Each structure stands twice: as structure tokens, then as C-alpha cells.
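1. What follows is a predicted protein model with its sequence.
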Amino acid sequence: MARNSINQRAIEKHLKEIAKGYERAARRNPIRVPIQTEASAEGGALPGRETAEGAPVLSRLLLWLGEQAQLSSGSYVNVTRFVEEQRLDGEDPLVLAFELEKDDLVQVLRAYGGMPHVHLTDAGRAAIHRLKKLRTDRAARLRCTMDAFQRWLFDTAGDQQPADPALFLTSPAAYFAGSAISSDDLHEALAHLVEHKLIELIDTDPATVAITPQGVSCALAGGSVQDHINQSRPGTTYNNYMPNAKGIIIGEQQHFTQTNTDGVDPTLFAQLAGYIGQVSTTLGMPEADRAELERVARDLHTEATSANPEPGRLRQFATQLKDKLLEAGTTIAATMGVQMAEQALAALTQ
């Protein structure tokens, strides 16, 4: 499978053209895969992997019950209406009701001949409040999108065959805290997954992505994408490489152990330099501008892999790359590079 030339413009165009239609379709197909979240800044526990609030079908149901309660306070509501309105073929409304009751989020009225009529409890109302608050947590949304996309890609094309990333938006996996994952969420998640080599962009028509062997390992481990990323960063040993202008790795992957007393982690800068080497030919830049971009990337890589990287030089080269990528346009490849540069620069201030 040819993977050296990546048509980023095709991915950008393709996603924009179909994302709106897919998002409308996705609203009718919520998922049942639990979402793992973390502790809030206030120290309270947010919905977790095994709770009703963390399961997207039940999250949507909770929010729907909250809307019904506003229309008719104190009334019991038939969960079958929710299943029919959302076109959740295969879902059993009685089971959904019992799942919520198990966590004391609703009371189930058993006097309707088996029809699942429920009424929100105080715990259910509190769960709805937490869900709405969780929607504003950008980091949690990104983690969810990465996890959901990685699982979807593994289930859809775990044999590393190319798959259209925009199709994810039509899947029942494309939900977070009861709201549809947007194309912008997907773009950001793709950037991080590519950065950490869990997926790779493929130059096909339409543009596609493929899961990498490392991405397969991440899926099989059963944890979150962030857990996998954190485990792959032991101490101050950094694995880096610098592809040439066409994205071909020069020689074998080089491993080096670096000890510095300045508290500077050069990993993000080395990754940024390597990424530029991979995508520089896909940015549509004039030859002179592309050559200058690659020169700065090489300078950044040299500084990042030196014995004692100087923060000022790392900042200088990364800022230059960011500015040049902004000038290159709004393709997904350029946007990913800008995000990587911003992450690296932000790390210097921590």
C-alpha cells in the first residue's frame, strides 16, 4: 500500500463536504460504548466507564428525560417514546429503564403492563447537570473523540486497510455526553492520533486513514488513547527520527537518552520537526518556501536532539515553523503542524 504521499487537501475537502450530513445522521444513532472521564477540577467524580452517565445511549436518554420533565413536571414518561423518536433499532426500552434505575437515576413504574414508564430522581437530575457541564470540558471531549475514533477504526478496518474518517461521524460511536461529535472535534482528534503514530493518513480518493500496528496495540490493550500515549513516554528517554523532504526515514530509527538540567523536554519539538519532514511536499508551498520550511525543521531537530537543548532556540525555530505553516493555508496537514507547534511552545512555559 503506497503511503508516502499524503493528499491533505483531499481530506480537508472531503470532511467539509460531508460532515454536516453525517452529523445529522449521527444524531439518530447514539452509541452504547462507555466513555471514560476523569476527576473534575473541583475534585468531584465525573461520569465514569461503568456508570449510566458514562454510557452514551443512557446519557442521551437522561437528557431527553430532563426535557420531558420540563414539559410535564412530576409525570412518568414512557421510555419507548425515546427509542422510537431516536430510531434506536435493537434497543430495548425496558432494559434502558432498568439500567438507569440500577444507578438510582430514575424510578420505574411497574403498573403499565410492562411498559417502561420512568420518573427522574434527584440523583438523575444531578447527573443531567454533570453531563451538561461535562460538554464544556474541551479536554474530555477530545479524549472521548480520540478513544471513540480509535475503537471505531479498529472495528472497521483493524487489518490496516484504508477507511474514510468522515464515515465515523455517521456511526453510533460519534457522541460525547449526549451531544454529537463535530467535524472540528474529529479534525483535532485525527491530528493527535497521527502525531502519536496511532493512525496514518493515506493518499487515496476519497482521502482515507489507516490504523498503524501501534494503533492496533492501543486498541487491544483496552485502555484509553491517553493511557497508551503516557505509557510510551518512560522518563527522559526519547525516540526520535527525522524524515527527509519526501517523508522517507533516513536510515534506522535513532534512539537516544538525554539528560539535561534545564527541565526542557525536547520530545514535542523533535516530533514537530519529524512531522514537517513528512508533510512538507503536501502543503502546496512554492519551492523556495518549502525549502526554507525544511531547513528550519532540520535546525529544530538538531537543537532538540542536542545534549542540552536551549529553550530560546527551540522557541525560535518552532515559532518560525508555526508562522510558515500559517502562511501555507488551512489544509489539515498545516493545521496539524500549527497545533503541534503550539503544544511544543506551551510546554516551555510549564
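-> On my side now, so go ahead.
2. Can you pull out the low-pLDDT segments for the stretch 1-150 of the chain?
-> 1-54, 111-114 (pLDDT under 70).
3. how many neighbours does residue 231 have?
-> 11 (other C-beta atoms under 10 Å). (C-beta placed from N, C-alpha, C; glycine too.)
4. And the residue nearest to residue 181 when sequence neighbours are not counted, its phi and psi?
-> Ranked by C-beta to C-beta, 6 or more residues apart in numbering and with sequence neighbours excluded, the top spatial neighbour of residue 181 is residue 174, at 4.4 Å. Torsion angles at residue 174 (phi, psi; degrees, to the nearest 10) stand at phi -90, psi 60.
5. Can you list the low-confidence ranges for the stretch 151-300 of the chain?
-> 232-264.
6. quick revisit: what about the residue nearest to residue 181, distance to residue 301?
-> Residue 174 is 36 Å from residue 301, where distance means C-beta to C-beta, to the nearest Å.
7. More neighbours: the two, which one.
-> Using other C-beta under 10 Å as the criterion, residue 174 and residue 301 rank with residue 174 on top: 28 against 24.
8. Wait, residue 268 touches residue 348, no?
-> No - the pair residue 268 / residue 348 is not scored as a contact, 9.3 Å apart, by C-beta atoms under 8 Å.
9. Looking at those two, which is more packed in?
-> Counted by other C-beta under 10 Å, residue 268 and residue 348 do not tie: residue 268 has more neighbours, with 22 against 16.
10. so that one is in which element?
-> Under the criterion of DSSP states H and E, residue 268 resides in helix 267-279.
11. Quick one: distance of that helix to the chain centre.
-> How far helix 267-279 lies from its chain's middle: 20 Å, per C-alpha atoms, centre = their mean, to the nearest Å.
12. distance of residue 343 from residue 185?
-> Counting by C-beta to C-beta, the gap from residue 343 to residue 185 is 17 Å.
13. what about those two, which has more around it?
-> Neighbour count, other C-beta under 10 Å: between residue 343 and residue 185, residue 185 has more, with 22 against 17.
14. Can you get me a residue count around the residue nearest to residue 217 when sequence neighbours are not counted?
-> Take residue 217 and drop its neighbours on the chain: the residue closest to it by C-beta to C-beta, 6+ apart is residue 228, 7.6 Å away. Residues within reach of residue 228, counting by other C-beta under 10 Å, total 20.
15. What are the buried residues along the host helix or strand of residue 228?
-> Residue 228 is part of helix 225-231 when elements are defined by DSSP H and E. Going by neighbour count (16 or more other C-beta atoms under 10 Å), the buried part of helix 225-231 is 225, 226, 228, 229.
16. Let's verify the closest residue to the second one other than its chain neighbours: helix, strand, or coil?
-> So the one you mean is residue 226. The spatially closest residue to residue 226, leaving aside those adjacent along the chain, is residue 143, at 5.7 Å (C-beta to C-beta, 6+ apart). Of the three states, residue 143 takes helix according to DSSP: H, G, I helix; E, B strand; the rest coil.
17. count of neighbours near residue 143?
-> 22.
18. So it versus residue 195, what's the distance?
-> Residue 143 is 14 Å from residue 195, where distance means C-beta to C-beta.
19. Next, count neighbours for residue 155.
-> 12.
20. Let me fix that, I meant to ask about residue 153.
-> 25.
21. From residue 195, how far off is it?
-> Counting by C-beta to C-beta, the gap from residue 153 to residue 195 is 16 Å.
22. Kindly report the same for residue 334.
-> 14 Å.
23. Those two: which is more packed in?
-> Counted by other C-beta under 10 Å, residue 334 and residue 195 do not tie: residue 334 has more neighbours, with 23 against 20.
24. Now do the contacts for the more buried one.
-> By C-beta atoms under 8 Å, 6 or more residues apart in numbering, residue 334 lies in contact with 8, 283, 325, 326, 328.
25. So which of those residues sit within strands?
-> Of these, none are assigned to strands by DSSP state E.
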